[in-house]
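Trainee: I would like the atomic coordinates for the input below:
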Amino acid sequence: MSLSDQIMADMKSAMKNHDKTTLNTVRMIKSALMNEKIKAGHDLTPDEELTVLNREKKQREESIDEFFKANRDDLAEETKKELAVVEKYMPKQMNQDELRAAVKETIDEVGAKGKSDFGKVMKALMPKIKGRADGKAASQAVRDQLN
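Mentor: Below you'll find the model as predicted:
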């Protein structure tokens, strides 16, 4: 089932179950995907869909941090629920061991020797782990292994 089919099915389910949080979040995802489709001028590839989902996920993570800083726990909890809905559409996340293995493999592929090769490693690594690992965690893993 394609992502758009899954989103439509989940939207119908949320309507039937009167689940406002899921319904609103799925509508926002659908809207973001449609906007990206219009901007691109063609149907989105799975990779482009993943980019949109990553953007939606990151926005919610940043909002949660800001809400907690402002002592708005009520809004933070609501946004956490939205984040859970967004994450449902994301691929399975890599654990630390899988990330380290991917970094080591990439370092070997590009022949990186030291810190000066950081950019070269990241450029080769990011397409491999796109959507499955956080960029900050990846860059930290690369730094750790290049030392």
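
Trainee: please count neighbours and contacts with C-alpha atoms only from this point.
Mentor: Will do.

Trainee: just for the protein, where's the confidence low?
Mentor: 1 (pLDDT under 70).

Trainee: so how far is residue 140 from the most centrally placed residue in the chain?
Mentor: By CA atoms, centre = their mean, the chain has its centre lying nearest to residue 54, at 2.9 Å. In this view, residue 54 and residue 140 are 19 Å apart by CA to CA, to the nearest Å.

Trainee: how about residue 57?
Mentor: Noted for residue 57: a distance of 20 Å to residue 140, by CA to CA.

Trainee: neighbour count winner among these two?
Mentor: The residue with more neighbours, out of residue 57 and residue 140 and counting by other CA atoms under 10 Å, is residue 57; that gives 20 against 12.

Trainee: who's in contact with that one?
Mentor: 83, 86, 87 (CA atoms under 8 Å, 6 or more residues apart in numbering).

Trainee: need the contact list for the first one.
Mentor: Residue 83 sits next to 57, 60, 61 when contact means CA under 8 Å, 6+ apart.

Trainee: and the residues you listed, which is closest to residue 7?
Mentor: Distance to residue 7 across these (CA to CA) is lowest for residue 57, with 15.5 Å.

Trainee: now distance to residue 13 and secondary structure too, for the contacts of residue 57, in a markdown table please.
Mentor: Listed next are these as a markdown table, based on distance: CA to CA, whole Å; DSSP: H, G, I helix; E, B strand; the rest coil:
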| residue | distance to residue 13 | secondary structure |
| --- | --- | --- |
| 83 | 18 | helix |
| 86 | 16 | helix |
| 87 | 17 | helix |
